[in-house]
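[1] Following is a predicted model, sequence given first.
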Amino acid sequence: MLSARSLRKASVPPSLLSDPSPGCLQPTRLAVHVNGDGGSCSAYFASGGRVYKIEISMEEEILSRGKQSLLIPINAQVISSSVVDRCPHRSEIQSIVLAEGEGDSCLILGTVDSYGHLIVSHLDTGADDIDRASYSVPPRDSGIGEGSWAGLCFSPTQQSTVAVARELCKSIDIYDQDIHLRSLRTLWYPSSVTFFQCFPQGSDSSSMLAITEGSQLSIWDLRMHNNGGCVQRVSGPVGGTLYSVCSSASGLIAVGGTDRAVTIYDPRKWSALSRWVGCSKYEITGLSFSSVDQSFIYVQGVDYEITCGHWSKSERAFSFRGDSNWLGFSKCADTDVVAGWCESGSIFVADVRQDLLSAIGV
């Protein structure tokens, strides 16, 4: 059983950013990282063509609850704020992703704008000069046409491998650093993309991609060339749209969208293990499995609520709300620190741990 240890609300200083750009429906413009000793976390968020960073204190452990397991936030101190200068995009940034680099103080920051321009930067979090190196990859079509949502994800085993999704182009471009490897062509407009491990017994998780496109979940193997690399298609809600996909360390895949339900798939059988109906009041645009207990999942609705619950039992553990609609949603890769960025400029950060009493069976 999971329980929230704290929920904090931090306000972005108006001198740093006073009026964030609207972005697209997908809340992919926020990434959060817990700093060394756990006493603070860094939130990276994108507005327009720039990336901003604020450091939020996480020292106090005060938690208040309202009705129906709703968490009530406390105000948090903003330790520092700055602009990340290594991301000179010319159009609005649509997605931002953080990955662990080599060494304890190295992070890899990836950003992609509405025309598919990719920039990857190596950040040194332990020094005043946080920038190490970066490289830029222009879009394959030189940015011709209309801009739209674009997303990216790093391979968990080969961090030099990056997948960039472009909605209106119906394409997924695979890069090894700045070298283009191949392009995947989807049938519908892609809305989310992630690498996943199909079989836990040692399969190569750098070659398997899960993509939501329209009402379908499509699975792609980068080692295959037949059928363009697509090895499986699973139909979702009839007449609906899937907006988010995520995977667990054990290989399970979760999708959600306009049907306001989370569906869990087993890649070994391509059948639905579970379906949590009505877990969100509105369309689901963000999903993430818990790193502490993979039987729990975080669900972000298009409005201002984030819910954590047991997906196989369809039970809600807790939830928290922002003060306006979400612009970003993120969870740390290896810990259950979940953050949401509101259009009002507030960032909510929940620190979630396993309930010790339930862990020992009390």
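    Here it is on my side, so go on.

[2] switch to C-alpha atoms for all contacts and neighbour counts from now on
    Fine.

[3] Output the contacting helices and strands for the helix or strand encompassing Ala4.
    Using DSSP states H and E, Ala4 falls within strand 2-11. Under the contact criterion of 3 or more C-alpha pairs under 8 Å, 6 or more residues apart in numbering; DSSP states H and E, strand 2-11 touches strand 74-75, strand 315-321, strand 346-354.

[4] What residues of that strand count as buried?
    Leu2, Ala4, Arg5, Ser6, Leu7, Arg8, Lys9, Ala10, Ser11 (16 or more other C-alpha atoms under 10 Å).

[5] Quick check: next helix or strand after that strand?
    Taking DSSP H and E as the definition, the helix or strand right after strand 2-11 is strand 30-34.

[6] now that next one: how far from the chain's centre is it?
    10 Å (C-alpha atoms, centre = their mean, to the nearest Å).

[7] and the very next helix or strand once past that strand, what does it pack onto?
    Per DSSP H and E, the first helix or strand lying C-terminal to strand 30-34 is strand 40-47. Here strand 40-47 touches strand 30-34, strand 50-57, strand 93-100, going by 3+ C-alpha pairs under 8 Å, 6+ apart.

[8] what angle separates strand 40-47 from strand 346-354?
    Angle between the axes of strand 40-47 and strand 346-354 is 140 degrees (criterion: axes from the mean of the first three to the mean of the last three C-alpha atoms, to 10 degrees).

[9] Strand 40-47 pairs with which strands?
    Here strand 40-47 has these sheet partners by DSSP bridges: strand 30-34 (antiparallel), strand 50-57 (antiparallel).

[10] Mind checking the ones you listed for the one nearest to Leu107?
    Closest to Leu107 of those is strand 30-34 (C-alpha to C-alpha; 9.1 Å).

[11] okay, that closest one in PDB with CA atoms only?
    Extracted as PDB, the C-alpha positions of strand 30-34 are listed here (Å, rounded to 0.1, in the frame of the first residue of the first chain):
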ATOM      1  CA  LEU A  30       7.400  19.200 -17.100                       C
ATOM      2  CA  ALA A  31      10.200  17.000 -15.700                       C
ATOM      3  CA  VAL A  32      11.100  16.500 -12.000                       C
ATOM      4  CA  HIS A  33      14.300  15.200 -10.400                       C
ATOM      5  CA  VAL A  34      15.100  14.600  -6.700                       C
END
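
[12] Identify all contacting residues around that strand.
    Residues from elsewhere that reach strand 30-34 (C-alpha atoms under 8 Å, 6 or more residues apart in numbering): 40-46, 95-98, 327-332, 337-341.

[13] at 7 Å instead, please
    Surrounding strand 30-34, the residues in contact under the criterion C-alpha atoms under 7 Å, 6 or more residues apart in numbering are 40-46, 96-98, 328-332, 339.

[14] now do stretch 324-337
    Contacts of stretch 324-337 (C-alpha under 7 Å, 6+ apart): 27-33, 286, 290-292, 302-304, 338-344, 349-353.

[15] gap between stretch 326-335 and the chain center?
    For stretch 326-335, the distance to the chain centre is 5 Å (C-alpha atoms, centre = their mean).

[16] Give me the residue ranges of the chain where confidence is low.
    103-104, 126-132, 198-206, 356-362 (pLDDT under 70).

[17] Helices along that one, start to end?
    Using DSSP state H, the helices of the chain run over 356-359.

[18] For the closest residue to Gly286 other than its chain neighbours, list each beta-bridge partner.
    Once flanking residues are discounted, Gly286 sits nearest to Gln300: 4.7 Å by C-alpha to C-alpha, 6 or more residues apart in numbering. Under DSSP bridges, the beta-bridge partners of Gln300 are Gly286, Ile306.

[19] if I look at Gln300, how far off is Ile62?
    23 Å (C-alpha to C-alpha, to the nearest Å).

[20] ok, those two, which is more surrounded?
    More crowded of Gln300 and Ile62, by other C-alpha atoms under 10 Å: Gln300, with 30 against 12.

[21] got the contact list for that one?
    Listed by C-alpha under 7 Å, 6+ apart, the contact set of Gln300 reads Ile284, Thr285, Gly286, Leu287, Ile306, Thr307.

[22] if we can go back for a sec, wait, which of the strands paired with strand 40-47 is closest to Ile174?
    Nearest to Ile174 among the strands paired with strand 40-47 is strand 30-34 (21.4 Å), distances taken as C-alpha to C-alpha.
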